[in-house]
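Asker: just to be clear, the model below is a prediction. Sequence and coordinates:
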Amino acid sequence: MVLHRRLFWRKQIIWWSLLCLFLGCDTGQISNLGSISIKADLRLNHIRVLILLQDAAGNYLVWNQSILRPEGSVSVIPEEDFKTHVIVYSMKHGEKSQKVYDGRLRGLGWNRIIAETPRVLLGDIPVILIKKDTDRDTKLGIIELTLTTPKQGDFSAELDDVQIYAY
């Protein structure tokens, strides 16, 4: 009887270990990550920046069952493990002009909608931290972003003609 219990528990431990290994133990990597693209829009007091994760072919990575843990929670790299570096430029005559922001995204976090939607990191650039450029001739600017992942290195993207000033 004692031998039977030991075998039962040994099988249970092996089974749960294999299940954890194949269904989402955190490796610190985002599978299929090949590049990023960004979108941004001006809100009342910040610029909301969306970092869209893509594979090597440029297809968006989506939330799906392959990244769910057995407990039902999402198996993702925590937001605090990422580093962002953002440079915002004003524009003059359709060209890059002055550097008006050099820093990181604030409030970085994952979108939590899971229904075959693209995997997106969200972050903000506070409008109050964007310097005024009196030489600019448009409300538009250029955002350059570098996302540093814990184990996969740096990924960069640039977005032109994004509204960075309200007036």
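Answerer: Great, that's in hand.
Asker: quick check, Gly103 in contact with Pro126.
Answerer: No. Gly103 is beyond contact range of Pro126, at 9.3 Å (criterion: C-beta atoms under 8 Å). C-beta coordinates here come from the backbone N, C-alpha and C atoms, glycine included.
Asker: was I right about Leu121 contacting Gly107?
Answerer: No. In this structure, Leu121 is not within contact of Gly107 by C-beta under 8 Å, at 10.6 Å.
Asker: the two - which one has more neighbours?
Answerer: Per other C-beta atoms under 10 Å, whichever of Leu121 and Gly107 has more neighbours is Leu121, with 22 against 11.
Asker: not counting its neighbours along the chain, what's nearest that one?
Answerer: Excluding the flanking residues, the one nearest Leu121 by C-beta to C-beta, 6 or more residues apart in numbering is Ile51, at 4.1 Å.
Asker: how about stretch 144-159: buried residues?
Answerer: Going by neighbour count (16 or more other C-beta atoms under 10 Å), the buried part of stretch 144-159 is Glu144, Leu145, Leu147, Thr149, Phe155, Ala157, Leu159.
Asker: repeat that for stretch 81-96.
Answerer: Neighbour-count burial for stretch 81-96, counted by 16+ other C-beta under 10 Å, picks out Phe82, Thr84, Val86, Ile87, Val88, Tyr89, Ser90, Met91.
Asker: quick one, phi/psi of the most centrally placed residue in the chain?
Answerer: Centroid-nearest residue in the chain, with C-alpha atoms, centre = their mean: Leu121, separated by 3.0 Å. Per-residue torsions, Leu121: phi -100, psi 130 (degrees, to the nearest 10).
Asker: got the contact list for it?
Answerer: Leu50, Ile51, Leu53, Glu79, Phe82, Leu108, Gly109, Trp110, Asn111, Leu147 (C-beta atoms under 8 Å, 6 or more residues apart in numbering).
Asker: who wins for neighbours among the residues you listed?
Answerer: Leu147 (24 neighbours).
Asker: what's the pLDDT at that one?
Answerer: We have a pLDDT of 97 for Leu147.
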